[in-house]
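Q: Here's my sequence, what's the structure:
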Amino acid sequence: MTKKFVAKYSRWLHIYLSMISFVIVLFFSITGLTLNHADYFQNNTSITQNEGKIDSNWISATDTLKIKKLEIVEFFRNKYKVKGSVTDFRIYDSEISLTFKAPGYASDIFINREDASFSLTQTNQGLMGFFNDLHKGRDTGKAWLWTIDVSAILMTIISLTGLILLLFIKKKRTAGVALLFAGLILIYIIYHFWGQ
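A: Sure thing, here's the model as predicted:
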């Protein structure tokens, strides 16, 4: 593998992977700031509460096997626009509890097994909460988790190909490598003296 080949394909990878991943890199950069400085960014959290009754045929006061989970879940999705995945469905002697979660959103439902009454609390953290949860991969599903992994791989390749390209520029190689080590030392000093 010649130097010319390495330089050519490093440049190609660096340019085109930077363009392909531009939006996602920008997204993670901005949301990194909003997460780190949450006090400065308004979080419009809203809480909605509802009470009512579900169909008593869907629950049983005595037989756990007769509880119709799908019907219960779809009732809340259709009538109250509950969204996200069911992350918890627990059946107790006197109560059923459900939790739905999505980025920036959560719903908690408690159903009384005696009279089929329920209380529903929906918490919506607004657009900033939605973006921050996407950044963290919280309650996002497997497809988004794969997106985060692919983004991390792309950022790693972009960084490494940028370093390789720097090493091919004789006039800037020494200064560039010196700045690289200066950055490493600075990060260590900041963490060691002020990071704990």
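Q: can I see the domain layout of this structure?
A: Domain assignment for the chain by automatic domain parsing gives 3-41+129-170, 46-124.
Q: gap between the shortest one and the chain center?
A: Between the mean C-alpha location of domain 46-124 and the chain-wide mean there is a distance of 24 Å, by C-alpha atoms, centre = their mean, to the nearest Å.
Q: what distance separates the start and the end of it?
A: End-to-end distance for domain 46-124, by C-alpha to C-alpha, to the nearest Å: 5 Å.
Q: In contact with the closest residue to residue 97 other than its chain neighbours: list those residues for me.
A: In this structure, residue 97 finds its nearest non-sequential neighbour in residue 90, 4.8 Å apart by C-beta to C-beta, 6 or more residues apart in numbering. Using the backbone N, CA and C atoms, a C-beta is placed for each residue, glycine as well. Contact analysis of residue 90 by C-beta atoms under 8 Å, 6 or more residues apart in numbering lists 96, 97, 98.
Q: And those, which of them are buried?
A: For the contacts of residue 90, a burial check counting by 16 or more other C-beta atoms under 10 Å picks out 96, 98.
Q: Now render the contacts of residue 90 as CSV, adding distance to residue 113.
A: Formatted as CSV, the contacts of residue 90 follow (distance: C-beta to C-beta, whole Å):
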residue, distance to residue 113
96, 6
97, 11
98, 13
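Q: and which of the contacts of residue 90 is nearest to residue 85?
A: residue 98 (11.1 Å; C-beta to C-beta).
Q: Make sure that closest one is actually in contact with residue 109.
A: Yes. Between residue 98 and residue 109 there is a contact at 4.3 Å, judged by C-beta atoms under 8 Å.
Q: Tell me who's in contact with residue 47.
A: 121, 122, 123, 124.
Q: Which strand or helix spans it?
A: Using DSSP states H and E, residue 47 maps to strand 46-53.
Q: Residue 134 now?
A: helix 126-136.
Q: The helix or strand just after that helix - contacts with which helices or strands?
A: Remark: after helix 126-136, the chain's next helix or strand is helix 142-167, criterion DSSP H and E. If you count contacts as 3 or more C-beta pairs under 8 Å, 6 or more residues apart in numbering; DSSP states H and E, helix 142-167 packs onto helix 3-20, helix 22-36, helix 170-194.
Q: Now do the same for the residue nearest to residue 97: helix, strand or coil?
A: Under the three-state scheme (DSSP: H, G, I helix; E, B strand; the rest coil), residue 90 adopts strand.
Q: how much space between it and residue 99?
A: Distance from residue 90 to residue 99, counting by C-beta to C-beta, to the nearest Å: 9 Å.
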